[in-house]
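Chemist: I'll drop the sequence and a predicted model, then ask my questions.
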Amino acid sequence: MSGDGLVWLILLLLILLFDGTAIYLHKNNKMPLWISGIIMAVLVPILGFTIGAVFLKISRVVDPSDTHEGSAFAAAFIALVLLANALVFFISGIIIKIVRFFKSKKVNI
């Protein structure tokens, strides 16, 4: 498997894990989407640094004479995509909360 394939595989698995958990908790009324977005945004830097360290170790084993900047770019790409995903969940959760607030409010004219 090439490095690009590994990046896309990890990104797909993390998005499925984060999104699946957030949607499951939202459907069971255990956690609103906007809180899931905040939790995701807090976890993204931790995952980004961890993935970067793992990619750096793999890169050093594969080619010890390389400069290894590709592993940092790959980890940064994954972190930015996951952060954008967290932002989408946060914004959609806020919108859902606002819509539910105005639907529950009765208008007397």
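Modeler: In hand now; what should we look at? Note that the structure is a prediction, hence the values are computed from the model and not measured. Numbering: from 1, shown residues only.

Chemist: drop to CA atoms for contacts and neighbour counts, all remaining ones
Modeler: Will do.

Chemist: Looks like His68 contacts Lys57 (just checking).
Modeler: No: taking contacts as C-alpha atoms under 8 Å, His68 lies outside contact range of Lys57: 9.4 Å.

Chemist: what ranges of this structure fall below the confidence cut-off?
Modeler: By pLDDT under 70, the weakly predicted segments of the chain are 1, 106-109.

Chemist: residue closest to the middle of it?
Modeler: Taking C-alpha atoms, centre = their mean as the criterion, Leu82 is the residue nearest the geometric centre of the chain, at 2.8 Å.

Chemist: Can I get stretch 28-36 in PDB, CA atoms only?
Modeler: Extracted C-alpha coordinates of stretch 28-36, given in PDB (Å, rounded to 0.1, in the frame of the first residue of the first chain):
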ATOM      1  CA  ASN A  28     -30.500   8.200  21.100                       C
ATOM      2  CA  ASN A  29     -30.700  11.700  22.700                       C
ATOM      3  CA  LYS A  30     -27.600  11.200  24.700                       C
ATOM      4  CA  MET A  31     -25.500  14.100  23.200                       C
ATOM      5  CA  PRO A  32     -26.400  17.000  20.900                       C
ATOM      6  CA  LEU A  33     -24.400  17.300  17.700                       C
ATOM      7  CA  TRP A  34     -22.900  20.600  18.700                       C
ATOM      8  CA  ILE A  35     -21.300  19.100  21.800                       C
ATOM      9  CA  SER A  36     -20.000  16.200  19.600                       C
END
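
Chemist: Need the residues that contact that stretch.
Modeler: Stretch 28-36 is touched from outside by 22-23, 25-26, 86, 89-94, with contacts defined as C-alpha atoms under 8 Å, 6 or more residues apart in numbering.

Chemist: just how off-centre is stretch 20-29 within its chain?
Modeler: Centre-to-centre, stretch 20-29 and its host chain are 15 Å apart (C-alpha atoms, centre = their mean, to the nearest Å).

Chemist: List the residues that contact the residue nearest to the centre of the chain.
Modeler: Per C-alpha under 8 Å, 6+ apart, neighbours of Leu82: 11, 15, 40-41, 44.

Chemist: can you pull out the helices in this protein?
Modeler: Ranges of helices in the chain, per DSSP state H, are 3-27, 33-62, 69-104.

Chemist: rewinding a little: ok, so of the contacts of stretch 28-36, who is nearest Phe101?
Modeler: Among the contacts of stretch 28-36, Ile94 lies closest to Phe101 (C-alpha to C-alpha), at 10.5 Å.
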